[in-house]
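**Q** here is a sequence with its predicted model. Questions after.
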Amino acid sequence: MPKISYITPDGTQHDVDVETGYSVMEGAINNDIQGIVAECGGACACATCHSYIDEAWLDKLPKMDDMEDSMLDAAFERKSNSRLTCQLEVTDEFDGLIVHVADNDY
């Protein structure tokens, strides 16, 4: 099972095992990671699962589609490494992924 590191806005790191086939967002919700709000439940309709992906991982993840890109325009403090965690399906290759949770409680 891939281990993903979620770093919450207060700097706390949570290393959790996430089942393949789940989204990075579901991994956070299932492990009570603070800051991943996921108001839409993973439908790519709210941007409250917005996070910053560690720069070393950006080229290893699937490319962002137009819908995710459009929804990120509504995210608070979008950056070049912003992704919606509901759109990232966990595979074995995600082992070691580092996710910096954005401030989604605005």
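**A** It's in.
**Q** distance check, residue 65 against residue 72.
**A** Taking CB to CB, to the nearest Å as the measure, residue 65 and residue 72 are separated by 11 Å. In this view, the C-beta of every residue, glycine as well, is placed from N, C-alpha and C.
**Q** who has more neighbours out of these two?
**A** residue 72 (18 against 10; other CB atoms under 10 Å).
**Q** and the more buried one, what's its pLDDT?
**A** The model reports residue 72 with a pLDDT of 96.
**Q** heads up, I number from 260, so please use that
**A** Let's use 260 as the start, then, which means that last one is residue 331.
**Q** contacting residues for it?
**A** Applying CB atoms under 8 Å, 6 or more residues apart in numbering, we find residue 331 in contact with 306, 309, 323, 337, 341-343.
**Q** same check, this time on residue 264
**A** Residue 264 neighbours (CB under 8 Å, 6+ apart): 272-274, 355-358.
**Q** now the two most distant members of the residues you listed.
**A** 273 and 355 (14.1 Å; CB to CB).
**Q** burial measure for residue 288, as a count.
**A** 18.
**Q** quick one: residues contacting it.
**A** Here residue 288 is in contact with 295, 297 (CB under 8 Å, 6+ apart).
**Q** in three-state terms, label it for me.
**A** Classification of residue 288 using DSSP: H, G, I helix; E, B strand; the rest coil returns helix.
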